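Student: need the 3D shape of this:
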Amino acid sequence: MKHRYRLRLRPASSVTLPPGLAWEFVEMPPDIAHRRLDLPRSAHRFGVIATARPLTDEELERYEIDIHPVGSNEARIHEA
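Tutor: Numbering: from 1, shown residues only. Purely as a prediction, here's the structure:
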């Protein structure tokens, strides 16, 4: 999956993303980061997801999702 996004107002789930969208976390939300220690902890409240297909402008607006630049380091928090 190569298209990265972050949800602005709510966590990623089957009801907060377009129907049938295949997705996975690539940066874990801070409050549940302990569930996936293999992924980096995100600086974004709801983490960063990746999808196999790009979202349309309508989907981005309707579901209140922002594009997350691939390779962005500004979203990573390293725990001490």
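Student: contact partners for the nearest residue to residue 46 once chain neighbours are set aside?
Tutor: Distances taken as CB to CB, 6 or more residues apart in numbering place residue 7 nearest to residue 46, at 4.6 Å, with adjacent residues excluded. Where C-beta positions appear, they are placed from N, C-alpha and C, glycine not excepted. Contacts for residue 7 (CB atoms under 8 Å, 6 or more residues apart in numbering) come out as 16, 17, 46, 49, 63, 64, 65, 66.
Student: who touches the fifth one in this structure?
Tutor: Same thing as residue 63. 7, 16, 17, 18, 55.
Student: and those, which is closest to residue 24?
Tutor: Using CB to CB, residue 17 is the member of these that lies nearest residue 24, at 11.4 Å.
Student: what helix or strand does residue 6 sit in?
Tutor: Using DSSP states H and E, residue 6 sits within strand 3-7.
Student: what pairs with that strand, parallel or antiparallel?
Tutor: Counting by DSSP bridges, the strands paired with strand 3-7 are strand 48-51 (antiparallel), strand 65-67 (antiparallel).
Student: show me just the buried residues among the contacts of residue 7.
Tutor: Among those, those scoring as buried are 17, 46, 49, 63, 65 (criterion: 16 or more other CB atoms under 10 Å).
Student: quick one: the first one from residue 37, how far?
Tutor: To tie it back to what came earlier, the one meant is residue 17. 24 Å (CB to CB, to the nearest Å).
Student: please apply the same query to the second one.
Tutor: If you measure residue 46 against residue 37 using CB to CB, the figure is 19 Å.
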